[in-house]
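Visitor: Next input, structure requested:
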Amino acid sequence: MELTIKWLSGNYIELLGAILGIAYIFFSIRQNILTWPVGLLTSAIYVSVFFSTKLYADMGLQMYYVVISIYGWYEWKWGNSASKPEPLKVNRLNIRLGVLLAAISFVLFILMWFILDNYTDSNVPVADSLATSLSIVATWMLARKILEHWLVWIFVDAFSIGLFWYKELYPTVILFVVYTIMAVIGYIEWKKEIITKHELTK
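Guide: Predicted coordinates for the structure are as follows:
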């Protein structure tokens, strides 16, 4: 019991971030506007966690999340139409945008890999850069309510389980196991909305 209390007292920030992270995904699945304020707070906490464990790309990613949370908050509430602001609806990824986002992900990956490998003491530059570059794109897709962002998250979350295990961030490992499962659920739930909308327009 004493060891448990000692461990909790030394890792409470990471645990709080994990709990808020689960709430963030839950609200995302439900398309609840609380996704964004909860996500903003979660990201602010993880800036500290990743800085202390030298996951610099992930730390930079959390800073990006703070900014994109404000953007997503606006888009979900008013971004469906420029002429008549209304809540954003779930939509599909088209081929042209998909190719563009894949290219952006690749460029971000190469750029971050180069920076981490040459200018930091990171011991996982490739893995950190891959997870971070894909997460940047996936979060923008979430802000635009693009269904396929869940598929990107399924890969990133599953991949990150191994990365965080290696870095001994065990509460975060549990969080990302939950993230992976919830991303699968999120894809299924959002796809149902697309199917329902398609049937109603027939």
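
Visitor: Determine the set of other helices and strands touching the lengthiest helix in the chain.
Guide: The longest helix of the chain (DSSP state H) is helix 170-200. In terms of contacts (3 or more C-beta pairs under 8 Å, 6 or more residues apart in numbering; DSSP states H and E), helix 170-200 is packed against helix 12-29, helix 149-166. All C-beta atoms are positioned from the backbone trio N, CA, C, and that covers glycine.

Visitor: can you rerun that using 10 Å?
Guide: helix 2-10, helix 12-29, helix 35-52, helix 125-143, helix 149-166 (3 or more C-beta pairs under 10 Å, 6 or more residues apart in numbering; DSSP states H and E).

Visitor: pretty sure residue 107 contacts residue 129?
Guide: No. Taking contacts as C-beta atoms under 10 Å, residue 107 lies outside contact range of residue 129: 11.3 Å.

Visitor: remind me which residues of the protein are low pLDDT?
Guide: When residues are selected by pLDDT under 70, those of the chain lie in 1-12, 14, 80-85, 197-202.

Visitor: one step back: quick one: the longest helix of the chain to helix 149-166, angle?
Guide: With axes from the mean of the first three to the mean of the last three C-alpha atoms, to 10 degrees as the basis, helix 170-200 and helix 149-166 are set at 170 degrees to each other.

Visitor: and helix 170-200, how far out from the chain's middle?
Guide: Helix 170-200 sits 12 Å away from the centroid of its parent chain (C-alpha atoms, centre = their mean, to the nearest Å).

Visitor: What of stretch 29-41?
Guide: In terms of C-alpha atoms, centre = their mean, the centre of stretch 29-41 is set 12 Å apart from its chain centre.

Visitor: cool, and stretch 65-77?
Guide: How far stretch 65-77 lies from its chain's middle: 13 Å, per C-alpha atoms, centre = their mean.

Visitor: Kindly report the same for stretch 26-43.
Guide: 11 Å.

Visitor: now residue 113, nearest residue through space, not along the chain?
Guide: Leaving out its chain neighbours, the residue that sits closest to residue 113 by C-beta to C-beta, 6 or more residues apart in numbering is residue 129, at 4.2 Å.

Visitor: Now find how far off-centre stretch 105-113 is within its chain.
Guide: 17 Å.

Visitor: Alpha carbons of it, as PDB, please.
Guide: What follows is stretch 105-113, C-alpha atoms only, in PDB (Å, rounded to 0.1, in the frame of the first residue of the first chain):
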ATOM      1  CA  SER A 105       2.600  13.600 -43.100                       C
ATOM      2  CA  PHE A 106       5.700  12.400 -44.900                       C
ATOM      3  CA  VAL A 107       7.300  15.800 -45.000                       C
ATOM      4  CA  LEU A 108       6.600  16.400 -41.300                       C
ATOM      5  CA  PHE A 109       8.100  12.900 -40.500                       C
ATOM      6  CA  ILE A 110      11.300  13.600 -42.400                       C
ATOM      7  CA  LEU A 111      11.700  17.100 -40.900                       C
ATOM      8  CA  MET A 112      11.100  16.000 -37.300                       C
ATOM      9  CA  TRP A 113      13.300  12.900 -37.700                       C
END
